[in-house]
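Visitor: no FASTA, just this:
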């Protein structure tokens, strides 16, 4: 990844994660905007469609799942890397996320380095070498 800081929209209904994930990812070269839910994320993306290099969303949130959010994000901005995260994954959920256009699914207990690796791969494949 280039030295340019990559901008990530992080969507999760858990307040602690909205606080901790930016603290963990920012030293790794990401600028993270945390939002509580899918509606807020879509409002933000509609207002600023080119403001982000990737979206990371929780799988299960009130009102709209991360899979449905991925679909809506990709209608608004095709090709934007979307990563779905979850504390647990039931059979078929990863496949459903990928079928909806998500680049990958990361388990929340995984390390921050795993988030960074998946984000880096997704952004790099979308933007190409710089």
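Guide: Cool, got the structure. In this text, all values refer to a predicted model and were calculated from it rather than measured experimentally. Numbers count the residues shown, from 1 in each chain.

Visitor: shaky segments in the protein?
Guide: For the chain, the stretches flagged by pLDDT under 70 are 1-3, 109-111, 127-130.

Visitor: of all residues in it, which one is nearest the centre?
Guide: Against the mean C-alpha coordinate of the chain, by Cα atoms, centre = their mean, the closest residue is residue 56 at 1.1 Å.

Visitor: now do that residue against residue 70, distance only.
Guide: As defined by Cβ to Cβ, to the nearest Å, residue 56 lies at a distance of 10 Å from residue 70. C-betas here are computed from N, CA, C, even on glycine.

Visitor: find residues that contact each of the two.
Guide: 82, 84 (Cβ atoms under 8 Å, 6 or more residues apart in numbering).

Visitor: now the host helix or strand of residue 67: buried residues?
Guide: Using DSSP states H and E, residue 67 falls within helix 66-76. Neighbour counts over helix 66-76 (16 or more other Cβ atoms under 10 Å) mark 66, 67, 69, 70, 71, 72, 73, 74 as buried.

Visitor: separation between the nearest residue to residue 58 once chain neighbours are set aside and residue 40?
Guide: Nearest residue to residue 58, sequence neighbours excluded (Cβ to Cβ, 6 or more residues apart in numbering): residue 12, at 4.2 Å. Separation of residue 12 from residue 40 (Cβ to Cβ) stands at 11 Å.

Visitor: please consider this matter closed, and thank you.
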